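[1] sequence plus predicted model, see below.
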Amino acid sequence: MNNLNSDIIAIKGVGPKRAALFHKMGIFTVEDLLLNFPRKYEDRSFICPIRLLTANRSSCIFCKISSSPIIFYSKNNVRIIKYDAKDPTGTITLLFFNQHYINPRLSVGKNFYMYGNVYQAGHRFYMSNPVFEAEDSEKFYTRRIVPIYKLTSSLSNREFNRVVKNCYEQYHTSIEEYLPEKILVQYNLCSASEAIKGIHFPESKSELKSATKRAAFGNLFRLFCLQYQLREIRRINSNISVADVDLDDFYNALPFSLTNSQRCVIREIYTDLRSGKVMARLVQGDVGSGKTTIAAAAIWVLCKSGYGCLLMAPTEILANQHYAKLKNIFDKFNIPVYLLTGSTCSSDKEKILMELSKELPYIIIGTHALIAESNQYPNLGLVVTDEQHRFGVEQRYALISKGIHPHALIMSATPIPRTLAMAIYGELDISTLSDLPPGRKPVNTYLVNSSYSERLCRFIHKIVEKGQQVYIVCARIGKILDNFSEEIQEDTTVIRTVYEVADDLRSRFPEYTVEYLHGKLSSDKKEDIMRQFISGVINILVSTTVIEVGVDVPNATLMIIENAEQYGLAQLHQLRGRIGRGGKESYCVLLSNTKSPESLVRMKALERNSDGMKISEEDLRLRGPGDFFGNRQHGLPTFNSITKYLSQSIINSAQKAATLVMSEDPNLKNAENHNLKLEIESLKNKLQ
Ligand code: ADP
Ligand code: MG
């Protein structure tokens, strides 16, 4: 048992109460804590002479307290303690708000390092609620590059830093290197232990840079090695024998003719299926590009060859929609289609499973319920997972393990650029649907600020009066109470919550049915509300981003995204894809008061573009590749905040290095790869 797996309670300064706070953030072991990288850094290493301070910027100064404290109250009765301080270049006033005692350490004549935001009134500088350290104290919160961690309420960044420090002191000797020596040398990387130190206690910008480079490289390298292994494992011969079929028979059963890219992708799949190897293919295509038809084609080929097929969707509603569509097609071929979800009663379920036979083809559409341990599927030939990003990698494998290596088809509605897709889905082959079925109207998209509120209300009214429906998307469910001035200072945009917006609309439109939906509701409740929305009972649905992926509500024609600056481009595009699914003119309004030029550029890109792949390329250009790896939508193992340090060149070199090591020693038997083998096994276990 490795030391790093110890419970965090073993760290000095962590008792049961603090441990519980860390648990809330998903930090359970020493290793979790050491690998929890700061979300950003503040460079407090420069000591600024008072005369050279700049207003509205946080700075670090070295000063002597020059007056006794004075206490007074502001207009709204906030208690303020005031000190004067000086350095050889000038004077400054220090204000402490809402502090209930005078700190005896801040006595006249003593020297301190102070760090805080600087204000200016006339010629006078002020600092409010600075953090301070005496001149002879250890550099901890001033005079260095200070990591800022993601926090939870009741745990301050200062305490967090302290715990990480204790943790590092107790455990740093247990940090083992897993990168082979020659890779470290060839790519000029620091050791694992140096990287952990440099990330939590960087002494210089260059140390921080080499630490983050190493951590990013290491993370990718591990992933690429694992993908290499999975690729080898699945390059096995398939014992599923696929018949020589005429795809036109299938095409003729469809109510429309296929797009060119649908035809190409179906060809690719058919070639895979006949290749004698087990297929593992990802089909990526924009919302509405017709992926279900691709799935149906693959299913048809397998059924024609006498096998059973499973199609797994992330929610019951989607499973129902797929069931209805596929039943329509496959009834024509007399192939039975079953629906098996969490709400299928056990006698029905048993009946379905009883009916499956080794000799006859079948199709089962369902949710997670499909992978229940006890279910057995005779003669399983193909497993399709739809809207793949809602499933983790682990569920993908659980499903594949159901059969004797069935073929696997994975559908994703977040198309990403090819080089990136190959890195993220390294163990899969990839097909891309590049065009949409004809006759689609792009969604009219507008970026506005809250001065448009009244007009938007009139617009909502107009849409609902036409008998159509509205989605409102909010970034938060309820108010988050945050005690930390640090966090509050940063977050200047007001975020309207699901509850606030729903209340607001209910009082404005008492005659309409307004409902809300968010991830904290039970899944029964969520499905119930979604069903009511589909059936048109609900006029306006206020929701977080949980609105079902891929659900068809052709009657929903307006979506308003509140605080649109809070989302990535791909996510905004995904959200927008929920509307414009019928033939009607539809509208997406991005509501934001942000002044940030980056956010504005991002949202404007959405006004112009309706092609998911183009948007994704734009996203890559604007934000770098890191976010794609950090994005849980791809179902990758947790890639923490290190992702923002990824660059295309680190991706390329990690990929090259992984290929080199794995091709020389595929089973990692050599002594120099021993730790790497353990590391990859532990990564694999995390996935299972
Ligand atoms: P997604 O890629 O988002 O899963 P779907 O498979 O749900 O897309 O398809 C969206 C809609 O387009 C469905 O109603 C489907 O019947 C229809 N569709 C799919 N392919 C074509 C096509 N080639 N021509 C016309 N309509 C199509
Ligand atoms: Mg779909």
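    Great, that's in hand. Since this is a predicted model, take the numbers as computed values, not measurements. Ligands and ions are numbered 1, 2, ... in the order given.
[2] tell me who's in contact with T89.
    49-52 (Cβ atoms under 8 Å, 6 or more residues apart in numbering). The C-beta positions use only the backbone N, C-alpha and C, and glycine is treated the same way.
[3] what's the farthest-apart pair in those residues?
    Spanning the widest gap among those are I50 and L52, at 7.4 Å by Cβ to Cβ.
[4] the two: which has the busier surroundings?
    Neighbour totals were compared for I50 and L52, and I50 leads with 20 against 10 (other Cβ atoms under 10 Å).
[5] correct me, but G90 touches C63?
    No. G90 lies out of contact with C63 (Cβ atoms under 8 Å); the separation is 9.3 Å.
[6] joint contacts of these two?
    I50.
[7] more neighbours: those two, which one.
    C63 (27 against 17).
[8] which SS class is the more buried one?
    strand (DSSP: H, G, I helix; E, B strand; the rest coil).
[9] remind me what the lengthiest helix in the chain packs against, helices and strands.
    Longest helix in the chain, counting residues (DSSP state H): helix 205-234. With contacts taken as 3 or more Cβ pairs under 8 Å, 6 or more residues apart in numbering; DSSP states H and E, helix 205-234 sits against helix 192-200, helix 648-664, helix 674-687.
[10] list the buried residues for the last one?
    When you say that, I think you mean helix 674-687. 675-677, 679-680, 687 (16 or more other Cβ atoms under 10 Å).
[11] now swap in the second one and tell me
    Burial within helix 648-664, assessed by neighbour count using 16+ other Cβ under 10 Å, is assigned to 650-651, 653-655, 657-658, 661-662.
[12] format those residues as JSON lines; extra columns: distance to H23 and pLDDT.
    Output for the buried residues of helix 648-664, formatted as JSON lines (distance: Cβ to Cβ, whole Å; pLDDT from 0 to 100):
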{"residue": "I650", "distance to H23": "32", "pLDDT": "91"}
{"residue": "I651", "distance to H23": "33", "pLDDT": "89"}
{"residue": "S653", "distance to H23": "36", "pLDDT": "94"}
{"residue": "A654", "distance to H23": "31", "pLDDT": "94"}
{"residue": "Q655", "distance to H23": "35", "pLDDT": "92"}
{"residue": "A657", "distance to H23": "35", "pLDDT": "96"}
{"residue": "A658", "distance to H23": "33", "pLDDT": "95"}
{"residue": "V661", "distance to H23": "36", "pLDDT": "96"}
{"residue": "M662", "distance to H23": "36", "pLDDT": "95"}
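[13] a markdown table please, covering these and showing distance to E527.
    Output for these, formatted as a markdown table (distance: Cβ to Cβ, whole Å):
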| residue | distance to E527 |
| --- | --- |
| I650 | 42 |
| I651 | 39 |
| S653 | 46 |
| A654 | 41 |
| Q655 | 41 |
| A657 | 46 |
| A658 | 42 |
| V661 | 47 |
| M662 | 44 |
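[14] return the closest of these with respect to A671.
    Using Cβ to Cβ, the buried residues of helix 648-664 come closest to A671 at V661, 13.4 Å.
[15] thinking that closest one is in contact with N673, fair?
    Yes. In this structure, V661 is within contact of N673 by Cβ under 8 Å, at 6.8 Å.
[16] which neighbours do these two share?
    With Cβ under 8 Å, 6+ apart as the test, V661 and N673 both reach P180.
[17] G26 against I8, yeah?
    No. The pair G26 / I8 is not scored as a contact, 11.4 Å apart, by Cβ under 8 Å.
[18] the two: who's more crowded?
    I8 (19 against 10).
[19] going along the chain, name the strands of the stretch 201-350 of the chain.
    For the stretch 201-350 of the chain, applying DSSP state E, counting those that start in this stretch gives strands covering 280-285, 308-312, 337-340.
[20] from the ones you listed, which stretch is densest packed?
    Mean neighbour count (mean count of other Cβ atoms under 10 Å) peaks for strand 308-312 among the strands of the stretch 201-350 of the chain, with a mean of 27.
[21] render the CA-only coordinates of that strand in CSV, please.
    Provided in CSV are the C-alpha atoms of strand 308-312 (Å, rounded to 0.1, in the frame of the first residue of the first chain):
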residue,chain,number,x,y,z
GLY,A,308,-28.7,-9.2,-31.5
CYS,A,309,-28.0,-5.5,-31.0
LEU,A,310,-28.2,-3.1,-28.1
LEU,A,311,-28.6,0.6,-28.2
MET,A,312,-28.0,2.5,-25.0
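[22] other SSEs contacting that strand?
    Looks like strand 308-312 contacts helix 291-304, strand 362-366, strand 380-385 (3+ Cβ pairs under 8 Å, 6+ apart).
[23] closest one to H322 among those?
    strand 362-366 (5.1 Å).
[24] now that closest one: mean pLDDT?
    Averaged over strand 362-366, pLDDT sits at 96.
[25] kindly report the same for stretch 186-200.
    Computed over stretch 186-200, the average pLDDT equals 96.
[26] cool, and stretch 236-247?
    90.
[27] report the buried residues of it.
    In stretch 236-247, residues buried by neighbour count (16+ other Cβ under 10 Å) are 238, 240, 242, 245, 247.
[28] want to throw those into a markdown table with distance to ligand 2?
    Formatted as a markdown table, the buried residues of stretch 236-247 follow (distance: Cβ to the ion, whole Å):
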| residue | distance to ligand 2 |
| --- | --- |
| S238 | 26 |
| I240 | 25 |
| V242 | 24 |
| V245 | 24 |
| L247 | 21 |
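[29] I'd like to know how many residues surround I424.
    22.
[30] let me fix that: R621
    For R621, using other Cβ under 10 Å, the count is 10.
[31] and for the helix or strand where it lies, what's in contact with it?
    Applying DSSP states H and E as the criterion places R621 in helix 612-623. Outside helix 612-623, the residues that touch it by Cβ under 8 Å, 6+ apart are 286-287, 413-417, 420, 432, 434, 568-570, 573, 577, 598, 601-602, 605-606, 609, 627-628.
[32] any of these buried? List them.
    For the contacts of helix 612-623, buried by 16+ other Cβ under 10 Å: 286-287, 413-417, 420, 432, 434, 568-570, 573, 577, 602, 605-606, 609, 627-628.
[33] returning to what we had before: ok, so of the buried residues of stretch 236-247, who is nearest ligand 1?
    Closest approach between the buried residues of stretch 236-247 and ligand 1, by Cβ to the nearest ligand atom: L247, at 14.1 Å.
[34] picking up where we left off before, out of the helices and strands packed on helix 205-234, nearest to ligand 1?
    helix 674-687 (25.9 Å).
[35] report the angle between the closest one and helix 192-200.
    Helix 674-687 runs at 50 degrees relative to helix 192-200, counting by axes from the mean of the first three to the mean of the last three Cα atoms, to 10 degrees.
[36] pull helix 674-687 out as PDB, backbone CA atoms only.
    C-alpha atoms of helix 674-687 as PDB (Å, rounded to 0.1, in the frame of the first residue of the first chain):
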ATOM      1  CA  HIS A 674       7.900  -0.900 -13.800                       C
ATOM      2  CA  ASN A 675       6.400   2.200 -12.300                       C
ATOM      3  CA  LEU A 676       4.700   3.200 -15.500                       C
ATOM      4  CA  LYS A 677       3.000  -0.200 -15.600                       C
ATOM      5  CA  LEU A 678       1.700   0.400 -12.000                       C
ATOM      6  CA  GLU A 679       0.600   3.900 -12.900                       C
ATOM      7  CA  ILE A 680      -1.400   2.800 -15.900                       C
ATOM      8  CA  GLU A 681      -3.000   0.000 -14.000                       C
ATOM      9  CA  SER A 682      -4.100   2.400 -11.400                       C
ATOM     10  CA  LEU A 683      -5.500   4.700 -14.100                       C
ATOM     11  CA  LYS A 684      -7.400   1.700 -15.600                       C
ATOM     12  CA  ASN A 685      -8.800   0.800 -12.200                       C
ATOM     13  CA  LYS A 686     -10.100   4.300 -11.800                       C
ATOM     14  CA  LEU A 687     -12.000   3.800 -15.000                       C
END
